[in-house]
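> Sequence and predicted structure are below.
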Amino acid sequence: MSTGLLESLRVIWERVGPPPAATPETRLHDFVREAWRFVEPRALVDSWHLGAICEHLEAVTSGQIRRLAINVPPRHSKSLTVAVFWPAWVWSQRPGFQWLTASYALALALRDSLRCRRL
């Protein structure tokens, strides 16, 4: 990441502040379970990996983790969780938070950003 982008992210973080600590009522995993039906027609298959991804994303949100790589096989809901549910969850707590959505394919970036906005 360029120094200018990192500085911009730091300024935004200082302006909106970190989100409050997650409580059982506001856990990302609970949010994913509740919001799933509004985004995806197929039934949610909830497993340990989804809870682990959500827990790590909460740690990123609170600033405990600065860099995170999620390596799971295809069709394990990582795109939906990271690019759709996580930003919506953060926005529900910090409406001023800004996101930059990118992908190797424009269609994927548009698909996920539109799903997040509709949610």
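Okay, I see it. Residues are numbered from 1 along each chain as shown.
> Can you name the residues in contact with stretch 83-93?
Applying CB atoms under 8 Å, 6 or more residues apart in numbering, the external contacts of stretch 83-93 come out as 19-20, 26, 28, 31-32, 35, 39, 57, 61, 97, 99, 101, 112-113, 115-116, 119. Any C-beta I mention is one placed from the backbone N, CA and C, and that applies to glycine too.
> Export that stretch to PDB, keeping only CA atoms.
C-alpha atoms of stretch 83-93 as PDB (Å, rounded to 0.1, in the frame of the first residue of the first chain):
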ATOM      1  CA  ALA A  83     -17.000  -7.900   1.200                       C
ATOM      2  CA  VAL A  84     -20.800  -7.800   2.000                       C
ATOM      3  CA  PHE A  85     -21.600  -8.600   5.700                       C
ATOM      4  CA  TRP A  86     -18.500  -7.200   7.400                       C
ATOM      5  CA  PRO A  87     -18.700  -3.600   5.900                       C
ATOM      6  CA  ALA A  88     -22.500  -3.600   6.600                       C
ATOM      7  CA  TRP A  89     -21.900  -4.700  10.200                       C
ATOM      8  CA  VAL A  90     -19.200  -2.000  10.700                       C
ATOM      9  CA  TRP A  91     -21.500   0.700   9.100                       C
ATOM     10  CA  SER A  92     -24.300  -0.300  11.500                       C
ATOM     11  CA  GLN A  93     -21.900   0.800  14.300                       C
END
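> chain center to that stretch, what's the gap?
5 Å (CA atoms, centre = their mean, to the nearest Å).
> Please name every helix or strand in contact with the helix or strand hosting Thr61.
In the assignment (DSSP states H and E), Thr61 maps to helix 48-62. Contacts defined by 3 or more CB pairs under 8 Å, 6 or more residues apart in numbering; DSSP states H and E place helix 48-62 against helix 28-39, helix 86-93.
> and the angle for that helix with helix 86-93?
50 degrees (axes from the mean of the first three to the mean of the last three CA atoms, to 10 degrees).
> Skip ahead from helix 48-62 and say which helix or strand is next.
Assigned by DSSP H and E, the successor of helix 48-62 is helix 78-79.
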